[in-house]
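Asker: Here's my sequence, what's the structure:
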Amino acid sequence: MLKRNIKITFRLNQKESDHLRKLMKKSGLSQEAYFRQLINGLVPRDLPPPDYLSMMQSLYDVGAALGRIEQKARAVGTVDAAHYDEAVQLFRQTVRDITAAVILPEKR
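Answerer: Okay, the predicted model is just below:
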């Protein structure tokens, strides 16, 4: 059985319909997903720029490289662990901040 089994229908004029379609296209969401975000108090964001995903992948690759360096350095005992941990936390926070600014919907 579907969890979402209540159907809601309403009417729009042509101008409203065109505007809604434009907003949905910019967000990359279906009509249902777009309305669910609005109902939940979120404002859907536009799709990120095409190079966003490649930039984020580069950041994740840097993070993975930092993790490998950390493992080796700790094994050898030649790293300032506190300084390194601080840098990694800053990196992770930067990734979260970028994701929140570009991808995640905003609360109203």
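Asker: can you give me the helices in this protein?
Answerer: 14-27, 31-39, 52-76, 81-102 (DSSP state H).
Asker: how much does the first one deviate in direction from helix 31-39?
Answerer: Relative orientation of helix 14-27 with respect to helix 31-39: 90 degrees, computed using axes from the mean of the first three to the mean of the last three CA atoms, to 10 degrees.
Asker: heads up, I number from 13, so please use that
Answerer: Noted, 13 is the first residue going forward, which turns the last one into helix 26-39.
Asker: And helix 26-39, what does it pack against?
Answerer: helix 43-51 (3 or more CB pairs under 8 Å, 6 or more residues apart in numbering; DSSP states H and E). Glycine gets a C-beta too; all of them are placed from N, C-alpha and C.
Asker: Please save the CA atoms from the helix it packs on in CSV.
Answerer: Extracted in CSV, the C-alpha atoms of helix 43-51 (Å, rounded to 0.1, in the frame of the first residue of the first chain):
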residue,chain,number,x,y,z
GLN,A,43,5.9,18.7,-9.0
GLU,A,44,5.3,16.4,-6.1
ALA,A,45,8.8,16.8,-4.6
TYR,A,46,8.6,20.6,-5.1
PHE,A,47,5.3,20.8,-3.2
ARG,A,48,6.5,18.5,-0.5
GLN,A,49,9.5,20.7,0.2
LEU,A,50,7.2,23.8,0.4
ILE,A,51,4.7,22.0,2.7
